[in-house]
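**Q** Next one to model:
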Amino acid sequence: MSAAEALSQARAAGIQVRIDGEALVLDASAPPPAEVLNLLARHKADIVNLLRPGNDGWSGEDWREFFEERAGIAEFDGGLPRDQAEARAFSCCVGEWLHRNPARSPSARCDRCGQSKGMLLPYLTGYSTKDPGHTWLHQDCSRAWHQAHRAKAVSALVAMGISIPAKFADDFGKNGSA
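**A** This is a model prediction of the structure:
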């Protein structure tokens, strides 16, 4: 069982969980079941990490809510079956993570191969108007760099308890684009 599943069981039992520093704070209208308390205790460190906001300002719970909201929209408003709706929602999460976690590199070297010779092109990697982030790449290095950057996003989402849907096709570069 994961921290995310332990939180889900706590919520199903009517327990609200939040953090105060390194402590878990539980709010419930009735005494919580012992098995749920044991789960929360067993996964405390991971739950604290899941509830704490990351560098992008969102906690793991915020990401899970974003995923569920997108899946619900695709399923109920878009008419997709749940498995396809989850695949679409996961794609949205990957895109949002990439925008919220822009990559930056010095202009003297390609961020993929590390070489300074050849024409380096700036690639925009975030949408913040204050500091959008860009990285420098050779055109030939861009596809592999983008694939590696997307793999980071997928790993981060999985670490926050969002499972990769079975129907998720990581085909962002399917037409040969980066």
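
**Q** show me where the chain has strands.
**A** 15-20, 23-28, 121-124, 134-137 (DSSP state E).

**Q** just these: most buried one?
**A** strand 134-137 (a mean of 21; mean count of other Cβ atoms under 10 Å). C-beta here means a position set from N, CA and C on the backbone, and glycine is covered the same way.

**Q** that older thread, in CSV: the strands of the chain, plus mean pLDDT and distance to residue 94.
**A** Converted to CSV, the strands of the chain look like this (pLDDT from 0 to 100; distance: least, Cβ to Cβ, whole Å):
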stretch, mean pLDDT, distance to residue 94
strand 15-20, 84, 26
strand 23-28, 88, 29
strand 121-124, 85, 17
strand 134-137, 88, 17
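
**Q** OK, contacts around the spatially most central residue of the chain?
**A** By Cα atoms, centre = their mean, the mean C-alpha position of the chain lies nearest to residue 157, the distance being 3.2 Å. Residue 157 sits next to 63, 67, 90, 93, 94, 97, 164 when contact means Cβ atoms under 8 Å, 6 or more residues apart in numbering.

**Q** looking at it, the second one is touching residue 90, isn't it?
**A** Yes - taking Cβ atoms under 8 Å as the contact criterion, residue 67 and residue 90 are neighbours in contact, 6.8 Å apart.

**Q** Pull up the overlap in contacts between the two.
**A** Common neighbours of residue 67 and residue 90 are listed as 157, 162 (criterion: Cβ under 8 Å, 6+ apart).

**Q** Where do the domain boundaries of the chain fall?
**A** 1-52, 102-141 (automatic domain parsing).

**Q** Can you give the distance of the last one from its chain's centre?
**A** Read that as domain 102-141. Computed by Cα atoms, centre = their mean, to the nearest Å, the chain-centroid distance of domain 102-141 equals 22 Å.

**Q** hmm, back to that, state the distance from the residue nearest to the centre of the chain to residue 110.
**A** 27 Å (Cβ to Cβ, to the nearest Å).

**Q** cool, residue 93 as well?
**A** Taking Cβ to Cβ, one finds residue 93 at 28 Å from residue 110.

**Q** what ranges do the helices span in this protein?
**A** 3-12, 34-42, 44-51, 60-72, 82-100, 139-159 (DSSP state H).

**Q** low-scoring pLDDT stretches of the chain, where are they?
**A** Low-confidence segments of the chain, defined by pLDDT under 70: 1, 127-132, 170-178.
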